Structure formats: C-alpha cells, structure tokens
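**Student:** What follows is a predicted protein model with its sequence.
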Amino acid sequence: MKLNKWPQSIILFIAFLLIFLHLSRHPEAFTYIKNLTLLNFILLLILRLLFLIINGLILKIYAEKFKIHLNHWEWVGLSFTTSLGNYIAPFSGGILYRAGYLKLKHNLSLTRFTILLASNYLLTFWCVALMGLVSSISLMVNSSCIPSQVPIFFGMVVIILIMMNLLPKPELSSQRWITKKIFEAYEGLIMLTQDKKLLIKIIFLIVLNNLIIGLAFFVGYQSIGIEILFPQALIISLITVFSLLINITPANLGIQEGVVSFASSTLNIGVSEGLIVALIVRGITMILIFTIGPYFLFLFSNKNS
C-alpha cells in the first residue's frame, strides 16, 4: 500500500468501526431489513439505475458544449466506470479515469474537463440548496416538525452562491502555469453559465436527479416500515449531497452513511433508521456498479487497445 493511501484507509476504518459499534449496541436495527420486500428492492434498483443514467446524460450535454459528441455507450458507460473507479481507486479515482478517457479518446484538455466538473458542482449545490429551502418551507407551512437550523442552512448556501455570482470577478494575471490554468477554468465556467439553453437543460436534469435520489430514500424508509413524508426524505437526501465536500474515502464510504444518520436524527426520524436506509441504498448502488461497471471498463479498454 502506498503511503498516500494510509490516511484514507484509517478514516475508512474509523467510519466502519463507528457503524459497527452503533449496530452492535442497537441490534434491533437489523429487524428493519426484514421488512424490505422484493418489489421495493426492484424499485430501488430502478431508481438508482435512472440516477446513474441521468448522470451520464449530464456529461453528454456538457461535452457537446466543447464539440465532443459522446455516443450512447460512452455517456452511459462513463457514468458507471466513474462510479466504479471511485470505489476501487483512492481520491476519486473514477473522476481521474473519466478525465483520462476524454483526453485520450476525444482530446478534451484537463482545463476544459475542470471547467465541466466545476460547473456541474456549482449548479448541483445551487439546485440542492434551493430545493432544500423550498422543501423545508413546505414542511413548516404544513405544521410538520422541522428544526429551524435546516431551512437556515439551505438559505445560507443559496445566498452565498448568489453573492459569489454577483460579486466582481477577480482579475487573474500571471505567467505561472497554475495561475493561468485557474484563470482559464474560471473564464470557461463563466462561458458555460452564460449559455441559457445549456443551463436550462442541466438544471432540469440535476433537479430530476435530486428528486430521484429523494424518492429512493423515501422508498427506502417506507420499505423498512418507517412512515416519512416525501419532503423529509428529500431533505435528508439533499443534505447527503454536501458530503461530496468531504470526499475522503472511496465513494464516500462511511461518510455518506454518517451524514444520512445525522440528517435522519435531525428530522427526528432516528439514527439507526437512517443508517439502515443508507446501507440499503448503498448496497443496491454497489450491486449495479460492480455488475455493469466492469463490462463498460472492459469495453472501453478493448476500444482503446
């Protein structure tokens, strides 16, 4: 094992240890899994499959901005191989694989790939925050119990992102390579966000994907016998998206489960319940990725050989 893998491995071990300790102290949590029916399992499988396919479609639309036309095998396959790489390689290895593939196959520069990635993250967090704020307000209007910190959190994120867009853009001028690349990426990001048609398409797909994730959590809670409102499940799933900011384990293993448990507890649904649902959703996602992902990895490897 390389030295740079040690911190990640230690954090992953600690996360798994905390999950194990919690479940060992609350063995009754395992009884929830018995309520998972085959119908709910298939429904969750379909929802996670749709999520991965839409991720690929978002990549396809971004790539077209740079005159790169991905065929259906590529934009679907890259979604699966990226997710697979994030599990089996350290430090978001799937993202690096995607960047390498687009560079070798379609001559997409790393700067433009950075633009693509930065744009997607920026729009995703903005949509997540806005949807979270609307969902929180809808629960409050319907007299549902929700801590005031939740709408405040989403509201602050919305305001920060809006202010970032309104503030004067910094002038970056330097002969240093890294500074020039940052400036190019920043200018490219502005170019992308000024394309109204592109923005509408991407925002629609991001919102759709967020709703699919929320629906998956809603089905997950319902499948283990926990009554939950859809806006509550959506808020939990939206809070989970922010775990991407602390992506320090392969595919956020352990971290995402912890965030779901925390969000579930915040909405008074229960830590154990949130953890079980997170593990169910994680398990179903891994079934898809580790069965379909290797096929596309093999397909891409043969085409590039």
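**Tutor:** Arrived safely, thanks for sending.
**Student:** In space, what's closest to the spatially most central residue of the chain - neighbours in sequence excluded?
**Tutor:** Closest to where the C-alpha atoms of the chain average out (Cα atoms, centre = their mean) is Val241, at 5.2 Å. Spatially, and ignoring its direct neighbours in sequence, Val241 is nearest to Val128 (4.9 Å; Cβ to Cβ, 6 or more residues apart in numbering). Bear in mind the C-beta positions are built from the backbone N, C-alpha and C, glycine included.
**Student:** tally of neighbours for that neighbour?
**Tutor:** Around Val128 sit 24 other residues, with neighbours defined as other Cβ atoms under 10 Å.
**Student:** Tell me which residues touch it, please.
**Tutor:** Taking Cβ atoms under 8 Å, 6 or more residues apart in numbering, we find Val128 in contact with Val157, Asn210, Leu238, Val241, Phe242.
**Student:** Swap in 10 Å and give it another go.
**Tutor:** Contact analysis of Val128 by Cβ atoms under 10 Å, 6 or more residues apart in numbering lists 154, 157-158, 206-207, 210, 213, 237-242, 244.
**Student:** so which helix or strand takes in it?
**Tutor:** With elements taken from DSSP states H and E, the one containing Val128 is helix 110-141.
**Student:** what comes up buried for that helix?
**Tutor:** If you call a residue buried by 16 or more other Cβ atoms under 10 Å, then helix 110-141 has these buried ones: 111-117, 119-120, 122-133, 135-136, 138-139.
**Student:** what's the answer for stretch 150-168, then?
**Tutor:** Val150, Pro151, Phe153, Phe154, Gly155, Val157, Val158, Leu161.
**Student:** what does stretch 40-55 give?
**Tutor:** By neighbour count on 16+ other Cβ under 10 Å, the buried set for stretch 40-55 is 40-41, 43-44, 47-55.
**Student:** Okay, now the unreliable bits of the chain?
**Tutor:** 1-8, 90-92, 143, 165-189, 303-305 (pLDDT under 70).
**Student:** quick one: the helices in the protein?
**Tutor:** In the chain, the helices defined using DSSP state H lie at 6-25, 38-65, 72-88, 93-106, 110-141, 149-166, 177-193, 196-223, 230-241, 255-266, 271-304.
**Student:** Give me the buried positions along the last one.
**Tutor:** Judged by neighbour count using 16+ other Cβ under 10 Å, the buried positions of helix 271-304 are 271-282, 284-286, 288-289, 292-293, 296-297, 300.
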